[in-house]
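**Q** show me how the following folds:
(2 chains)
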Number of protein chains: 2
Amino acid sequence: MSLLVQKFGGTSVGSVERIEAVADKVISYKDAGHDMVVVVSAMSGETNRLVDLAKQVDSQAGGRELDVLLTTGEQVTIALLAMALEKRGYAARSYTGGQAKITTDSAHNKARIKSIDHVRITDDLQDGRIVVVAGFQGVDEQDNITTLGRGGSDTTGVALAAALRADECQIFTDVDGVYTTDPRVEPEARRLDVITFEEMLEMASLGSKVLQIRAVEFAQKYKVPLRVLSSFEEGDGTLITSEYGADKSMEQALISGIAFNRDEAQLTINGVSDTPGVAYQILGPISDANIEVDMILQNVSADGTTDFTFTVHRNDFDTALKSLEKTAAQLNARELSGNNKIVKISIVGVGMRSHAGIASRMFEVLANEGINILMISTSEIKVSVVVDEKYLELGVRALHEGFDLKTES
Amino acid sequence: MSLLVQKFGGTSVGSVERIEAVADKVISYKDAGHDMVVVVSAMSGETNRLVDLAKQVDSQAGGRELDVLLTTGEQVTIALLAMALEKRGYAARSYTGGQAKITTDSAHNKARIKSIDHVRITDDLQDGRIVVVAGFQGVDEQDNITTLGRGGSDTTGVALAAALRADECQIFTDVDGVYTTDPRVEPEARRLDVITFEEMLEMASLGSKVLQIRAVEFAQKYKVPLRVLSSFEEGDGTLITSEYGADKSMEQALISGIAFNRDEAQLTINGVSDTPGVAYQILGPISDANIEVDMILQNVSADGTTDFTFTVHRNDFDTALKSLEKTAAQLNARELSGNNKIVKISIVGVGMRSHAGIASRMFEVLANEGINILMISTSEIKVSVVVDEKYLELGVRALHEGFDLKTES
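**A** Reported below is the predicted structural model:
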């Protein structure tokens, strides 16, 4: 017998029928002997409907009152789910964020959880009740209603699991787990049984958007085992955990997956003088224009000048290029160039920490396919390359094959 | 400068446009120097939509979770209204029933307000903010969300006005005040400037359903001046107060209005022995069948037997008659009869207390029109007669004319 926190997103509770299916699923776990806390989002479409209403009143709607409005979405779902559970003969009780004593800071629309007083939930669990909590919401210390920002229900689930010391936080979504790469690109992509938090964070930030990054960080910080499962299909999903168990040796798990990002654009200033402050002079204006920078590369210089390259989201390419023209002139740069037809492909895996050969294996695989590498960047558990966008599918499939991800390692 | 509590019902906030009109109206009072607290209902149709959702899950939906669900309706409205006020440059803050610290008992779906801690609202008013409060809802002492039952927003308004010692509680509806009688029956019916709580209670319980009876009782108990106004038209509406001001003498205000009730049915048992316990034997089974009884009449008997008559809602007539057949047999009654084609017409006015001639004037007016009176019942400030339903319109108009209600007294 264990304590599980399960989170169901908007699609999973998108209609009365689906809410009833969630009730049946929760009950199957309850019947198996688990204590159950369930976190739910607003029914799909509901948050958009409420935002539309707000925008009719004020196109700039935000702040305190938007949170009062939007939190009604999850409140509807918790009531309906608790009703469905009670209808099936199971004692249940719903709580809004405020009632569940989820205290946040006062940053409306994007609040962060500060603490959870779980006494009442624990009492309910001891009395055998299934507890249903509204995701995405809390109250600040003055009892003002706050929201955690879009998708924050994952974070609510993880935070509750941490506060309650739950055995697992299970996130039910419309996919059945985390894959070695996007199955739409590589049909032979395989669902991972286990992945580490670090790997998951790299996969998530690179576009495998199964989970909110914040929720994963939260789970990692509080050591909450996190599991991604499908609301609609049976299966064990993917467990995201601090480290692989003893049954999975590091030698075998060199690479967990191939992540990629289609929307990259690259900007390069060639031949600027290699003096302190150059990087700041180049990136300052970009940052001031609220453009997020992804990769940043600068090579060691030989002739006293250096080449500076960075990547941005493709949508920001034109703005960034315009801003950079001024900077290039100021810096007497030799050349300014850019390319918005590039993609980033990364191999991710904690196993590569101790394996110097991983990067060269990656380059070999790509070379065998005739794929020219434009940029390279590495981190502890990731190697990323930038290539022409036309090579995306070929590159992902070749790496998937080259690192033998089809078969379970 | 005074403190006003204004309440706007579902029709008044039925769309974004109407919510914006409410914002403009509230601002016009704020600009005139008043401190403003605004209570709102759910947008019209919203409560029904939520009830439908609940019934899809559980046709018997009720209790705690129904309250969690339904209270989202007003929460949407408070947020939108506060946004509309802020958009117009006025500081505003919305509160759910729980945030406004409206504490109720734990009778879900029909809770009663126990106390209001208005410190936070008072602080807001002192800071110049317009306070917007969700009607119809509160929390019990364990922080469970409760509702006051349908239409309870009027009660919220009055309770807040009482707690805040507001100068007036203004209920905005789709009618522009309380009339001397139903204008659909008597086109010359006149809007009353002032009416007493007692008169209003008699008028309301007799079918002039402008205000919730509970709200009127509450206002009377806590001496909160109550005003009924139209959301859609200009005008001063009708003030409901403890007693008429010095400018309106009792001599003039004999009768305030003519109330009537179409849905009456009458049942009579003739010739039962006039012994203690007979009334209980007759009405006990009726009450057990959850049938509400309105008028009860029993005349002094001469021959040791008596005739016992009471009225019920027309929908309950058949059930009541069936139940009474048994009783009549047990009591050896001479006859059992009934009539479900009757109506009740009442004249209401505090002035009649000291005027014995009022009742006889009423009977004279009806006699002049050839209307046969079937039953008579009187109270301190009311005389009711039961007549054949075909005389309803004729009777109401004749009395309206006979008591000179067309012209302001």
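
**Q** so where's chain A shaky on pLDDT?
**A** Applying pLDDT under 70 to chain A flags the ranges A:1, A:150-151, A:205-209, A:244-253, A:300-302, A:354-356, A:408-409.

**Q** now do 80
**A** A:1, A:149-151, A:204-210, A:212-213, A:243-254, A:274-277, A:299-304, A:351-357, A:380, A:407-409 (pLDDT under 80).

**Q** around chain B, pick out the residues from it.
**A** A:16, A:19-20, A:50, A:53-54, A:56-58, A:61, A:64-66, A:68-69, A:71-72, A:75-76, A:78-80, A:82-84, A:86-87, A:92-94, A:96, A:98-99, A:143-145 (CB under 8 Å from any CB of the partner chain). Quick note: C-beta positions are derived from backbone N, CA and C, even for glycine.

**Q** got the domain ranges for chain A?
**A** By the assignment in automatic domain parsing, chain A contains the domains A:3-173, A:257-402.

**Q** want to throw those into TSV with mean neighbour count?
**A** Listed next are the domains of chain A as TSV, based on neighbours: other CB atoms under 10 Å in any protein chain shown:
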stretch	mean neighbour count
domain A:3-173	21
domain A:257-402	17
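
**Q** now do the contacts for the one residue in the stretch 301-409 of chain A that gets nearest to chain B.
**A** Per CB to the nearest CB, A:Asn315 is where the stretch 301-409 of chain A lies closest to chain B, at 29.6 Å. For A:Asn315, the contact set (CB atoms under 8 Å, 6 or more residues apart in numbering or on different chains) comprises A:Asp263.

**Q** mind checking the SS state of it?
**A** At A:Asn315 the chain is in helix, as set by DSSP: H, G, I helix; E, B strand; the rest coil.

**Q** would you map the strands across the stretch 1-150 of chain A?
**A** Using DSSP state E, counting those that start in this stretch, the strands of the stretch 1-150 of chain A run over A:3-8, A:35-40, A:92-95, A:102-104, A:113-116, A:130-134, A:137-139, A:145-147.

**Q** same check, this time on the stretch 301-409 of chain A
**A** Ranges of strands in the stretch 301-409 of chain A, per DSSP E, counting those that start in this stretch, are A:305-313, A:335-348, A:373-379, A:382-388.

**Q** of all the ones you listed, which one comes closest to A:Gly149?
**A** Proximity to A:Gly149, assessed across the strands of the stretch 301-409 of chain A by CB to CB, is greatest for strand A:305-313 (19.2 Å).

**Q** before we move on, back to that, which of the strands of the stretch 301-409 of chain A sits closest to A:Gly277?
**A** Closest to A:Gly277 of the strands of the stretch 301-409 of chain A is strand A:305-313 (CB to CB; 12.1 Å).

**Q** chain center to that closest one, what's the gap?
**A** Counting by CA atoms, centre = their mean, to the nearest Å, strand A:305-313 is centred 26 Å from the centre of its parent chain.

**Q** pull the residues that contact that strand.
**A** Applying CB under 8 Å, 6+ apart, the contact partners of strand A:305-313 are A:263-274, A:278-279, A:282-283, A:286, A:291-301, A:320, A:334, A:342, A:344, A:375, A:386.

**Q** pull the distance from the longest helix along chain A to the chain's centre.
**A** Assignment by DSSP state H gives helix A:63-87 as the longest helix of chain A. Distance of helix A:63-87 from its chain centroid, counting by CA atoms, centre = their mean, is 24 Å.

**Q** in this structure A:Ile258 contacts A:Glu188, no?
**A** No - using CB atoms under 8 Å, A:Ile258 is not in contact with A:Glu188, being 11.5 Å away.

**Q** shared neighbours of those two, anything?
**A** The overlap between the contact sets of A:Ile258 and A:Glu188 (CB under 8 Å, 6+ apart) consists of A:His400.

**Q** helices along chain A, start to end?
**A** Ranges of helices in chain A, per DSSP H, are A:16-31, A:46-57, A:63-87, A:119-126, A:153-163, A:197-205, A:213-221, A:278-288, A:317-330, A:357-368, A:392-402.
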